[in-house]
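Visitor: coords below, sequence missing:
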Ligand code: ATP
Ligand code: MG
Ligand code: MG
């Protein structure tokens with residue numbers, strides 16, 4: 001594991017430990033269980049867990065489950081699985097909904113201090129009276145209700161005596177504040193909905209801006225790290241902690257969220273892709289979800305290294321998707337065994353090879369790592385090569401197979417083409433070659449040189465396999481896309497050719513391959529055995545990345 005480099009958040013932590021403000025730090029990763037985690041969340045996970053690791057602190061996994069309308073236990077389970085898979089162990093697991101009673105009591109405290117009131121305005125009316133950046137808001141006619149009346153009405157809200165939207169609890173701060181978030185924000189709303197954790201126990205639910213600071217303070221979180229959109233909410237965060245008289249005072253610190261080119265990165269949009277059938281599931285290999293990346297073949301190691309390398313900053317930026325690819329290539333180049341697969345087969349008959357004979361050839365599994373051992377691959381009179389590795393009338397500098405040309409078969413022999421067999425329509429269906437037994441791989445033959453080396457599989461024993469080749473799901477994301485602005489346009493940017501499915505062959509020893517096994521298919525790139533769609537009858541491979549990129 002590479003250590004994460006220095007950043008402004010780390011510097012704050014170092015200062016706080018040196019000054020004695022904190023003896024030990026506590027961070028948290030607080031997902032709302034309303035979708036699967038994506039690569040942006042991974043950045044936050046790595047940041048929070050690495051900080052605690054480095055300074056011997058602790059990290060909580062906390063489900064920020066205060067909105068029953070969108071949350072589901074399926075998401076809770078997937079989030080736990082993904083955090084673990086990324087290689088992190090939380091010190092404690094919490095549900096914000098377990099704090100509902102305390103949050104309620106703190107709200108009653110606010111009311112009693114004259115800092116909160118029950119408001120009968122509708123959501124629209126509240127929005128209309130909030131004012132604008134240039135104009136102050138208008139005070140609600142319910143703002144000066146007595147403490148007794150507010151206590152009574154809030155209790156009735158809690159007891160289910162009002163319908164959804166009939167009343168809200170609002171903070172009493174300042175309708176003229178230059179910060180819109182401070183203009184009497186809503187703290188509680190009514191929602192007669194079953195909650196995944198608390199069932200029907202509550203029909204009032206705290207708003208994010210009220211709940212989140214309390215959650216942090218209840219858990220004694222020292223550094224509450226969130227994304228930049230919450231910078232303007234920080235005064236309200238501090239107001240809630242202070243006015244609710246929380247014994248512990250967490251510090252909110254904002255950093256720029258991760259954006260990646262050609263990628264939508266918001267659970268809302270990702271859910272839409274699933275719901276509208278653009279992709280098959282949250283773990284579709286084209287998705288930037290942790291589950292999708294895993295199924296595609298990304299390793300936790302590559303994702304962690306990527307997150308550490310991109311760094312933590314205050315300024316918005318967009319990371320090139322090729323950088324993520326760089327880290328998986330780096331990992332798999334070192335760790336993935338090599339093998340051969342023919343994706344678009346063309347049959348070769350080696351006319352001077354004895355009929356019925358099969359010999360076993362030895363092939364190394366990794367040219368740079370002897371400890372990965374060798375494997376045996378069968379060779380005989382009929383093999384498959386890639387269609388694109390043969391041309392009847394090649395252009396100059398084509399070094400693969402063409403009539404009269406000799407090439408090397410990886411791990412096997414030189415072969416030379418002498419005949420082309422075509423069907424009635426003139427399509428090439430079979431190539432006839434001769435081989436030279438002197439040129440066997442590993443014998444040190446130096447008699448003559450050839451320029452092309454082709455991969456191949458033996459026709460008789462090769463195993464049929466499906467290959468899924470991918471292109472980015474979303475086209476164009478050059479410009480910074482702020483959340484919300486993306487909404488209208490992102491469905492128009494879907495790449496209609498994000499997947500190509502083809503049927504080819506792999507070496508017979510791949511019979512042993514299991515879901516999530518990763519290979520470098522010689523000349524094709526890195527592939528992962530799909531864990532869901534692979535069956536005893538059929539291997540399915542997901543292309544992870546090609547062998548090369550232009551990224552430096
Ligand atoms: P989304 O907009 O995708 O729904 P969110 O921020 O609403 O994301 P949460 O479940 O609330 O999702 O996020 C959990 C944590 O992950 C938060 O602390 C949030 O700041 C962080 N996070 C979410 N998206 C990103 C991102 N793109 N880059 C960095 N951190 C992120
Ligand atoms: Mg959210
Ligand atoms: Mg969001």
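Guide: Perfect, thanks for sending it. Not measured: the values here are computed from a predicted model. Ligands and ions are numbered 1, 2, ... in the order given.
Visitor: residues in contact with the nearest residue to residue 380 once chain neighbours are set aside?
Guide: Spatial nearest neighbour of residue 380, chain neighbours left out: residue 358 (4.5 Å); criterion: C-beta to C-beta, 6 or more residues apart in numbering. Where C-beta positions appear, they are placed from N, C-alpha and C, glycine not excepted. By C-beta atoms under 8 Å, 6 or more residues apart in numbering, the contact list for residue 358 reads 378, 379, 380, 458, 460, 461.
Visitor: Which strands or helices does the strand or helix carrying residue 323 pack on?
Guide: For residue 323, the host element (DSSP states H and E) is helix 321-335. Judged by 3 or more C-beta pairs under 8 Å, 6 or more residues apart in numbering; DSSP states H and E, the packing partners of helix 321-335 are helix 300-310, strand 518-521, strand 525-529, strand 539-545.
Visitor: can you list contacts of the shortest one?
Guide: Meaning strand 518-521. For strand 518-521, using C-beta under 8 Å, 6+ apart, the contacting residues are 297, 299, 332-333, 335-341, 455, 506, 513, 526-529, 541, 544, 547.
Visitor: just the buried members of these?
Guide: 297, 299, 332, 336-341, 455, 506, 513, 526-529, 541, 544 (16 or more other C-beta atoms under 10 Å).
Visitor: got the contact list for residue 230?
Guide: Here residue 230 is in contact with 237, 252, 254 (C-beta under 8 Å, 6+ apart).
Visitor: Over to residue 476?
Guide: Going by C-beta under 8 Å, 6+ apart, the list of residues near residue 476 reads 262, 493.
Visitor: make it 10 Å
Guide: 261, 262, 489, 492, 493, 495 (C-beta atoms under 10 Å, 6 or more residues apart in numbering).
Visitor: out of those residues, which is most surrounded?
Guide: residue 262 (19 neighbours; other C-beta atoms under 10 Å).
Visitor: In terms of pLDDT, where does it sit?
Guide: On the pLDDT scale, residue 262 is placed at 92.
Visitor: Test my guess that it contacts residue 470.
Guide: No: at 11.4 Å, residue 262 does not count as touching residue 470 under the criterion of C-beta atoms under 10 Å.
Visitor: Common neighbours of these two, please.
Guide: Joint contacts of residue 262 and residue 470 (C-beta under 10 Å, 6+ apart) are residue 495.
Visitor: how deep is the closest residue to ligand 1 within the chain tucked in, by neighbour count?
Guide: Of all residues in the chain, the one sitting closest to ligand 1 is residue 40 (2.2 Å; C-beta to the nearest ligand atom). Neighbourhood size, residue 40 [other C-beta under 10 Å]: 19.
Visitor: Also the one 4 residues further on?
Guide: Each residue near residue 44 was counted by other C-beta under 10 Å, and the total is 23.
Visitor: tell me which strands and helices the host helix or strand of it is in contact with?
Guide: Using DSSP H and E, residue 44 sits in helix 39-54. Under the contact definition 3 or more C-beta pairs under 10 Å, 6 or more residues apart in numbering; DSSP states H and E, helix 39-54 sits against helix 8-18, strand 26-29, strand 58-63, helix 73-85, strand 223-227, strand 251-255, helix 290-296, helix 300-310.
Visitor: Quick one: work out the angle between the longest one and helix 39-54.
Guide: For helix 73-85 against helix 39-54, the angle between stretch directions is 50 degrees (axes from the mean of the first three to the mean of the last three C-alpha atoms, to 10 degrees).
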